[in-house]
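**Student:** build the 3D model from these lines:
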Amino acid sequence: MKKILILIALFIANFSFAQTPAEWKEKDDFHKVMASTFHPMEEGNYNPIREKSQEMYDKAVAWKKSTVPAGVDKKKAKKILKELVEESKELNEKIKAGATDAAIKDELTELHDLFHKLVGLCKAE
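**Tutor:** Okay, here's the model as predicted:
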């Protein structure tokens, strides 16, 4: 019985005091736009990214301005967020200028890779 109580106490302590960098609202907001544009692009549908490139840029800017949660390397996160904003802006400008599907694919893939690099920081607490 004592072992069970100790296990329950450890579980509650771990659950109550654990840092959860995954709870980063701006990350989740950006991810929604990324997922709704990147996956259709993989299937040859470029309309979502053409329609949401400004929103993606705006979400990247908001994410960059947000507070980095505890447990995430702030210096690395801010560096990647700066790149994410720059790449989002570049993609948005290219789309507004009439970029080809091939150019969009290259830019969005780079942006997707940056996103996952940053998400990796969030998991490495």
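**Student:** quick one: pLDDT of residue 23?
**Tutor:** pLDDT recorded at residue 23 is 80.
**Student:** residues contacting it?
**Tutor:** residue 69 (Cβ atoms under 8 Å, 6 or more residues apart in numbering). No exception for glycine: its C-beta is placed from N, CA and C like everyone else's.
**Student:** next one: it from residue 99, what distance?
**Tutor:** 35 Å (Cβ to Cβ, to the nearest Å).
**Student:** and if you look at residue 116?
**Tutor:** From residue 116 to residue 99 the distance is 22 Å (Cβ to Cβ).
**Student:** more neighbours, those two?
**Tutor:** Higher neighbour count among residue 116 and residue 99: residue 99, with 20 against 10, using other Cβ atoms under 10 Å.
**Student:** now name the helix or strand holding the closest residue to the more buried one other than its chain neighbours.
**Tutor:** Once flanking residues are discounted, residue 99 sits nearest to residue 107: 7.6 Å by Cβ to Cβ, 6 or more residues apart in numbering. Per DSSP states H and E: residue 107 is located in helix 101-123.
**Student:** which stretches of the protein aren't confidently modelled?
**Tutor:** Across the chain, the ranges flagged by pLDDT under 70 are 1-22, 124-125.
**Student:** try it again with 80
**Tutor:** Applying pLDDT under 80 to the chain flags the ranges 1-22, 123-125.
**Student:** so residue 66 makes contact with residue 30?
**Tutor:** No - the criterion here is Cβ atoms under 8 Å, and residue 66 misses it with residue 30 at 10.0 Å.
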